[in-house]
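Student: Need a 3D model of the following:
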Amino acid sequence: MSVNKNEATSRGIADTIVPAAQIKIRQATAQYDVAIIGAGPYGLSAAAHLKSKGIAACVFGEPMSFWANQMPLGMLLRSPRVASNLSDPGRAFTLEAYEADSSTEARAPLPLDTFVEYGRWFQQRLGSDLDPRTVSRVEQDYPGFRLTLHDGEEIRSKAVVVATGVGPFKRTPKVFQNLPPQRAIHCYECRDIARFAGKSIAVIGAGQSALESAALLHGAKANVEIISRRDLRWIGQHRWLHHMGPVSSMLYSWHDVGPAGISRLVAYPRIVACVPLKLRDKIRTRAVRPAGSRWLPDRLANVKITTGCSVSRAQSIGDELILKLDDGSDRRVDHVLLGTGYDVDISRYEFLPPALTRQIRQFNGYPRLGRGFRSSVPGLHFVGATAARSFGPLLYFVAGTEFASRELSSHLAKI
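Tutor: So this is what the prediction gives:
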């Protein structure tokens, strides 16, 4: 792709997010080679790689907004530090480089706020073109696309990369769907943990989000109970497998996604993409089955944990929720916190009109993607969690930004 010489000059961002209203809006009918929807790890990494190839790309959205505004305050990242780097072509703008530049203490596990500031620093240092406005609609406008921004301005782009993460895909089990939204809250919309001090909270789930949220709530002086139909599992239970020298490196990749053996396979998304779908799904679900980090058990030592049962009925009465468990017992709580994960379904993206979504070949909500993360609609690409059913579970994690960005930029540079 050729660089559009009339594109707006790139801007950095301040250390904190600048409201869109305070930023000068670009001239109407701006045109780009690539429009990237989403300014999280995948969007920012993709922009860095595209810029290095001379491709005029613009990222739309507030940098790291999902992580900064919706994830629980005080959260620690599940991924190891080495797997928490965003990707740039020279591998120069690493987490360690940010910490050295900002005099930030290096910590493991990595605090959420450090990761957010690292992402903003990454964008600022690389100078990728950024527009903090959100995209409200994407339509085909041959030979490319027309994007309508939330203020009504339209821009055009030859290609579109969807890098918006899992925010729209929150899974709410049917039993909780009729509860008042202020009573049944998903982990992905629970930034302010402190507001639950003194409240009775039932945390539903056995994955990292549920277990860490329970630990944070307990630390905030809430009365917490974890309810899970599964027994709790912990990542890295067999630590000795990680301390066997060359043997361990044969069993585990540095990404640390999945158990022994599967971890090594997952590290090669191109190979995973060649595996038959049925087996690929088994690999994907095994690699990301619900489990908590090994630093959580001590923090949950005084939290009530009920496993082997689930909520069969939930009812709101006055200021309380009455939960009926399938073991016959009842719970009366102030809130339910849902650590129930997400279901990828690209039809939930409000910016994709149904007419366009219907043209995208899918695996039950996941887009079917080929080389370059291209969908069946020419010029429309998906990276991040939406690509996990095509390229494997590495794409659920920050560690997948390097493969995704290199694959995407190499493909677009050839067009």
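Student: got a list of contacts for stretch 88-102?
Tutor: Residues from elsewhere that reach stretch 88-102, judged by C-beta atoms under 8 Å, 6 or more residues apart in numbering: 45, 48-49, 52, 81, 84-86, 104-106, 110, 114-115, 117-118, 121-122, 125-126. Placement of C-beta: from N, CA and C, glycine included.
Student: What's the first helix or strand after the strand or helix carrying Leu147?
Tutor: Assigned by DSSP states H and E, Leu147 belongs to strand 144-149. Moving toward the C-terminus from strand 144-149, the next helix or strand (DSSP H and E) is strand 154-162.
Student: Packing partners of the helix or strand following that next one?
Tutor: Counting by DSSP H and E, the element after strand 154-162 in chain order, helix or strand, is strand 184-186. Counting contacts by 3 or more C-beta pairs under 8 Å, 6 or more residues apart in numbering; DSSP states H and E, strand 184-186 is packed against strand 335-338.
Student: Which strands or helices does the strand it packs on pack on?
Tutor: By contact count (3+ C-beta pairs under 8 Å, 6+ apart), the secondary structure elements abutting strand 335-338 are strand 184-186, strand 200-204, helix 208-219, strand 320-325.
Student: could these be laid out in TSV, adding mean pLDDT?
Tutor: Formatted as TSV, those follow (pLDDT from 0 to 100):
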stretch	mean pLDDT
strand 184-186	95
strand 200-204	98
helix 208-219	96
strand 320-325	97
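Student: contacting residues for Leu321?
Tutor: Leu179, Arg183, Ala184, Ala202, Ala314, Gln315, Arg332, Val333, Asp334, His335, Val336.
Student: Just give me the neighbour total for the third one.
Tutor: Yep, that's Ala184 we're talking about. 22 (other C-beta atoms under 10 Å).
Student: What of the fourth one?
Tutor: Residue crowding around Ala202 was assessed by other C-beta under 10 Å; the count is 26.
Student: residues contacting Val288?
Tutor: So Val288 contacts Val257, Gly258, Pro393, Tyr396 (C-beta under 8 Å, 6+ apart).
Student: what residues go with each domain of this protein?
Tutor: 20-168+343-413, 171-233+290-338, 239-287 (automatic domain parsing).
Student: tell me the mean pLDDT for the first one?
Tutor: When the per-residue pLDDT values of domain 20-168+343-413 are averaged, the result is 94.
Student: re earlier: of the domains of the chain, flag the one that's most buried.
Tutor: When the domains of the chain are scored by mean count of other C-beta atoms under 10 Å, the highest mean neighbour count falls to domain 20-168+343-413 (a mean of 20).
Student: Any idea how far that one is from the middle of the chain?
Tutor: 10 Å (C-alpha atoms, centre = their mean, to the nearest Å).
Student: same thing with stretch 258-278?
Tutor: The answer for stretch 258-278 is 20 Å, by C-alpha atoms, centre = their mean.
Student: Fine, thanks again, bye for now.
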